[in-house]
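Novice: pasting the sequence and the predicted model now:
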Amino acid sequence: MDWLVNGFDSVQQWLFESEVQPLMFSLGFASQLESGYKAAGWVLVGVLQLVVIAAVIGPLQRWRPVETVTDHATVRTDILYTLIHRLGLFRLGLFLTLEPVMESLFGTMRVAGITTFQLDGIWPGVTDLPWVSLLLYLVVFDFVDYWIHRGQHHFEWWWRLHSLHHAQRQLTMWSDNRTHLLDDLLRDIILVVVAQFIGVAPGQFIAIVAITQLSESFQHANLRVWFGRVGERLWISPRFHRLHHAIGIGHESAAPEPADDAAPGRRSVLGGHNFGVLLPWWDMLMGTANFELRYDATGVRDQVEPGPDGHLRDYGRGFWSQQWRGLLRLVGKA
């Protein structure tokens with residue numbers, strides 16, 4: 001394990017010194033070199049993820065696809081989303097806008113005597129072992145992610161943003177990052193606050209995000225795979241998560257209501273199944289797990305069934321149209 005960590009650190013240092021640091025000096029960000037070093041780590045992790053997605057998950061999709069991909073244009077848009085998120089462009093935007101505000105807030109709290117809780121210190125000699133603390137943090141963040149995901153489906157205003165993610169009719173390994181940027185911003189704020197309060201080290205936080213993102217890319221793959229009766233209850237499979245994206249099953253909790261009683265989103269009651277991100281345990285505990293061995297069509301009901309106005313909902317085709325229509329949905333104009 002040490003050789004892997006040391007190798008990553010060496011490449012990160014090289015990337016920072018050869019590319020990131022000169023760029024920051026030229027742009028006048030010399031006072032933010034520490035953040036630049038962290039950014040180099042994010043970029044490196046993103047590149048490694050893209051290699052795994054293309055070299056490992058890609059062949060698996062071709063081996064056992066659920067369906068034939070016919071809409072290649074929408075997949076290309078999903079690839080753009082993946083590049084924006086995995087190569088750190090979205091985090092760069094957060095660094096330039098949100099991070100200074102968050103750092104100021106946490107600094108003020110520390111000055112006021114509000115300290116963070118060091119989760120890895122609850123059992124000295126055990127929980128502070130690197131691999132134990134990493135597993136512990138993974139479980140905690142997955143628990144938080146489960147409730148974030150429930151919120152994205154429970155609150156009408158949040159669903160209006162999150163529904164873009166579900167509007168992909170042909171799931172592939174590139175579909176995980178197909179999200180509205182405001183939706184991502186809300187989720188990242190919550191996770192950063194949690195990370196600060198439980199004392200996650202920056203390196204561990206990067207590792208947690210990388211493991212989560214790679215697993216999510218695999219879950220979204222166009223792949224007819226499940227992990228068996230036991231395995232399905234230990235880690236989320238492509239089958240488990242595809243059911244979450246299934247029309248109706250994944251994002252509804254009741255049979256369709258009459259049109260005049262329907263929610264503004266022109267669906268049934270918000271709810272659904274299989275909200276877990278890495279572990280199905282929370283779905284099992286909260287009664288939202290569905291372990292049926294099936295591979296349904298994916299999407300949102302209002303894409304295939306006309307609403308009260310007699311029209312199907314348009315979620316947009318390209319990146320900018322999808323982002324714009326998400327804002328319109330948020331204010332009830334689309």
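Specialist: Cool, the structure landed.

Novice: list of residues touching the helix ranked longest in the chain?
Specialist: Ranked by residue count under DSSP state H, the longest helix found in the chain is helix 130-154. The contact list for helix 130-154 (CB atoms under 8 Å, 6 or more residues apart in numbering) reads 1, 119-120, 126-127, 158-159, 161-162, 183, 187, 190-191, 194-195, 198, 200, 204-205, 207-208, 211-212, 251, 270-272, 275-279, 282-283, 286, 288. The way it works is simple: take the backbone N, C-alpha and C, and place the C-beta from them, glycine included.

Novice: show me which of those residues are buried.
Specialist: Neighbour-count burial (16 or more other CB atoms under 10 Å) applied to the contacts of helix 130-154 gives 119-120, 127, 158-159, 161-162, 183, 187, 191, 194-195, 198, 200, 204-205, 207-208, 212, 251, 270-272, 275-279, 282-283, 288.

Novice: in helices, which of these fall?
Specialist: Counted as lying in helices by DSSP H, out of the buried ones among the contacts of helix 130-154, are 158-159, 161-162, 183, 187, 191, 194-195, 198, 204-205, 207-208, 212, 282-283.

Novice: pLDDT weak spots in the stretch 201-334 of the chain?
Specialist: 253-270 (pLDDT under 70).

Novice: on that earlier part again, in the longest helix of the chain, what's buried?
Specialist: By neighbour count with 16+ other CB under 10 Å, helix 130-154 contains the buried residues 133-134, 136-138, 140-146, 148-153.

Novice: cool, stretch 31-39 as well?
Specialist: Buried residues in stretch 31-39 (16+ other CB under 10 Å): Gln32, Ser35, Gly36, Tyr37, Lys38, Ala39.

Novice: Gln12: which of those is nearest?
Specialist: Tyr37 (7.4 Å; CB to CB).

Novice: any idea how many residues pack against the nearest residue to the closest one once chain neighbours are set aside?
Specialist: Computed as CB to CB, 6 or more residues apart in numbering, the closest residue to Tyr37 that is not its neighbour in sequence is Phe16, at 5.0 Å. The number of residues packed near Phe16 is 21, by other CB atoms under 10 Å.

Novice: measure Phe16 to Gly41 for me?
Specialist: From Phe16 across to Gly41, the span is 8 Å (CB to CB, to the nearest Å).

Novice: rewinding a little: got the phi/psi numbers for the residue nearest to Tyr37?
Specialist: phi -70, psi -50 (degrees, to the nearest 10).

Novice: again with Gly248
Specialist: phi 90, psi -60.

Novice: wouldn't it be in contact with Arg301 here?
Specialist: Yes - counting by CB atoms under 8 Å, Arg301 is a contact partner of Gly248 at 5.5 Å.

Novice: could you give the angle of the helix or strand containing Leu243 to helix 130-154?
Specialist: Using DSSP states H and E, Leu243 sits in helix 238-245. Here the directions of helix 238-245 and helix 130-154 differ by 30 degrees (axes from the mean of the first three to the mean of the last three CA atoms, to 10 degrees).

Novice: and the contacts of helix 238-245?
Specialist: The contact list for helix 238-245 (CB under 8 Å, 6+ apart) reads 66, 166, 168, 171, 218-221, 223-226, 232, 249-251, 272-276, 280, 290-296, 298-299.
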